[in-house]
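Enquirer: Sequence plus the predicted model coming up.
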Amino acid sequence: MQSLEDSLADAREILAGLSIEAVVIGAVAALRYRASARATSDIDLLVESIEGVREAFEQRGYKVEEIADPGGIPFLLAAQGDGVRIDIMLAETEYQVGALRRAQDGFLSPEDVIVHKLVAWRPRDRDDIESILSTKESMDVAYIEQWAREWGVSDRWTEIKPG
């Protein structure tokens, strides 16, 4: 079974072969900024295009499930190989496209990780936010507050932000 790191490298290689840049989001992105590590069993990627992605992953031996609204194009591909599950999400909103552009070294920025985690708001997401904030790293709080308002989660940000 492939490790998380090997699965991520494999996914990036497949997507690079299609000239698609993948930005790591979710727990793996949060791990980059957290004060302490936590376990995760999947990789989440954000991309601007999924054209040819299913076929490229299937050629490498992955089983791929497409997730789409009825009659719509897929917005998520769930790829399962000899490793962890890799979810490839299509950037569809203005926010997601902007987050792709703000990415640092192929990872979502810490501010965008926090925005994503505010929207998801599961216990592990709150833990990720608290751990990221505990590092006391400088962040663009106005940016987080702007997108928290846009996504209707300002109350969550108010609840969790320091001071």
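Expert: It's in.
Enquirer: Residues in a beta bridge with the residue sitting nearest the centre point of the chain, which ones?
Expert: Nearest to the mean C-alpha position of the chain, by CA atoms, centre = their mean, lies I25 at 1.8 Å. Listed by DSSP bridges, the beta-bridge partners for I25 are D44.
Enquirer: Now do the same contact list for it.
Expert: Contact partners of I25, counting by CB atoms under 8 Å, 6 or more residues apart in numbering, are D44, L45, L46, M89, A99, L108, D112, V113, H116. Any C-beta I mention is one placed from the backbone N, CA and C, and that applies to glycine too.
Enquirer: now P162
Expert: L133.
Enquirer: three-state assignment of it?
Expert: The three-state label given to P162 by DSSP: H, G, I helix; E, B strand; the rest coil is coil.
Enquirer: For it, give its distance to E5.
Expert: Summarising the geometry, the distance separating P162 from E5, computed by CB to CB, to the nearest Å, is 31 Å.
Enquirer: which residues does D87 bridge with?
Expert: The residues paired with D87 through beta bridges, assigned by DSSP bridges, are D44, A78.
Enquirer: Measure how buried it is and give me the count.
Expert: Here the count is done by other CB atoms under 10 Å, and D87 has 18 residues near it.
Enquirer: pretty sure it contacts Q80?
Expert: No - look at D87 against Q80 with CB atoms under 8 Å: they stay out of range, at 10.0 Å.
Enquirer: show me where this protein has strands.
Expert: In the chain, strands defined by DSSP state E lie at 23-25, 42-47, 63-68, 74-80, 85-90, listed in chain order.
Enquirer: show me the contacts for the residue nearest to A11 when sequence neighbours are not counted.
Expert: When the adjacent residues along the chain are set aside, A11 lies closest to I86, with 5.0 Å between them (CB to CB, 6 or more residues apart in numbering). By CB under 8 Å, 6+ apart, the contact set of I86 is S7, L8, A11, D42, I43, L45, F57, Y62, A78, A79, Q80.
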